[in-house]
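Undergrad: I'll drop the sequence and a predicted model, then ask my questions.
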Amino acid sequence: MTPIAHLRTAYPEKFGVPRQSRLVPSAQARLVFAPPYRHEDCIRGLDAFTHLWLIWEFSRNTGHPWNPTVRPPRLGGNARLGVFATRSPFRPNPIGLSAVVLEGIDRGTPEGPVLLISGADLVDGTPIYDIKPYIPYADAIPEATGGFTDSEQWQPLETSFAPGIELPPGCTPTWRRTLIETLAQDPRPAYQNDPDRLYHLILSPCEITFRVVGSTAIVTAVSLHG
């Protein structure tokens, strides 16, 4: 298989990427088709749908081995489950599946029609292998159960900004909302809980330094990245 497109997002690194799609609803992305598929006929009728399935590759995991069992972050990184009972990125075939919102189609670009996406959980540049419309009557399963995710209690982090923090130019109100939603998901490894440890997150166009005290992510610095 060859990619039909690549996704352009504000997450250039894996750290901070939402662990599931639509957990950060304000995160904006652009799906840019590869040249053979930059044709209006390929997306004819697509704008009648509000949501899409993206089938993609964990391209940053090339060369990493897979294991029969993994440690889901939702379980604190302690309990092991079978790889097929989780959404671990380290899989026999590095294939991901995400349900995202189709916000619109930009037809005025030199790269052909570009899909405007929100709620994606992908690193910038992720290869997309297929796009399928989300069909509510078939894809929504209200009676479904969520295994260990149903029983594990989890609370999002609050976000506060240290005194004197000023956002650089380019950090719009939408960007600020995306940052708050991203930090709410607690991007730290599950085994780290040091209130003095500083973490660095890149959310283009800025780099953010933060630490976590209790249930609050405290932003200590914001600067333009690069």
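TA: Sure thing, it's come through.
Undergrad: can you check which strand is longest in the protein?
TA: Across the chain, the longest stretch assigned as strand under DSSP state E is strand 95-106.
Undergrad: the helix or strand following it: partners in the sheet, and parallel or antiparallel?
TA: Next helix or strand after strand 95-106 toward the C-terminus (DSSP states H and E): strand 114-118. Using DSSP bridges, strand 114-118 pairs in its sheet with strand 28-33 (antiparallel), strand 95-106 (antiparallel).
Undergrad: what helix or strand is the residue nearest the centre of the chain on?
TA: Nearest to the mean C-alpha position of the chain, by CA atoms, centre = their mean, lies residue 121 at 1.6 Å. Using DSSP H and E, residue 121 falls within no helix or strand.
Undergrad: all helices of this protein, in order?
TA: All helices of the chain, identified by DSSP state H, fall at 136-139, 148-151, 173-184.
Undergrad: so how far is residue 106 from the residue nearest to the centre of the chain?
TA: The gap separating residue 121 from residue 106 is 21 Å, by CB to CB, to the nearest Å. Using the backbone N, CA and C atoms, a C-beta is placed for each residue, glycine as well.
Undergrad: which elements pack onto the lowest-mean-pLDDT helix or strand in the chain?
TA: Least confident element among the helices and strands of the chain, by mean pLDDT, DSSP states H and E: helix 148-151 (a mean of 82). Helix 148-151 sits against no helix or strand, with contacts defined as 3 or more CB pairs under 8 Å, 6 or more residues apart in numbering; DSSP states H and E.
Undergrad: out of the strands paired with strand 114-118, flag the one nearest residue 184.
TA: Of all the strands paired with strand 114-118, it is strand 28-33 that lies closest to residue 184, at 17.0 Å by CB to CB.
Undergrad: can you tell me what sits against that closest one?
TA: The contact list for strand 28-33 (CB atoms under 8 Å, 6 or more residues apart in numbering) reads 4-10, 42, 54, 100, 103, 106, 111-118, 120, 122, 128, 131, 174, 178.
Undergrad: now stretch 103-117
TA: Stretch 103-117 has contacts (CB under 8 Å, 6+ apart) with 7, 28-33, 38-40, 43, 46-47, 52, 54, 100-102, 118, 131.
Undergrad: pLDDT wise, what is residue 152 at?
TA: Listed pLDDT for residue 152 reads 69.
Undergrad: same check on residue 72?
TA: For residue 72, the pLDDT comes out at 85.
Undergrad: which residue packs closest to it, ignoring adjacent ones?
TA: Leaving aside its chain neighbours, residue 72 sits nearest to residue 86 (5.1 Å; criterion: CB to CB, 6 or more residues apart in numbering).
Undergrad: from residue 63, how far off is that neighbour?
TA: For residue 86, the distance to residue 63 equals 21 Å [CB to CB].
Undergrad: look at those two and report which has more neighbours.
TA: Higher neighbour count among residue 86 and residue 63: residue 86, with 21 against 4, using other CB atoms under 10 Å.
Undergrad: backbone phi and psi for that one, please?
TA: Here is the backbone geometry of residue 86 (degrees, to the nearest 10): phi -140, psi 180.
Undergrad: is it true that it touches residue 73?
TA: No. Residue 86 is beyond contact range of residue 73, at 9.6 Å (criterion: CB atoms under 8 Å).
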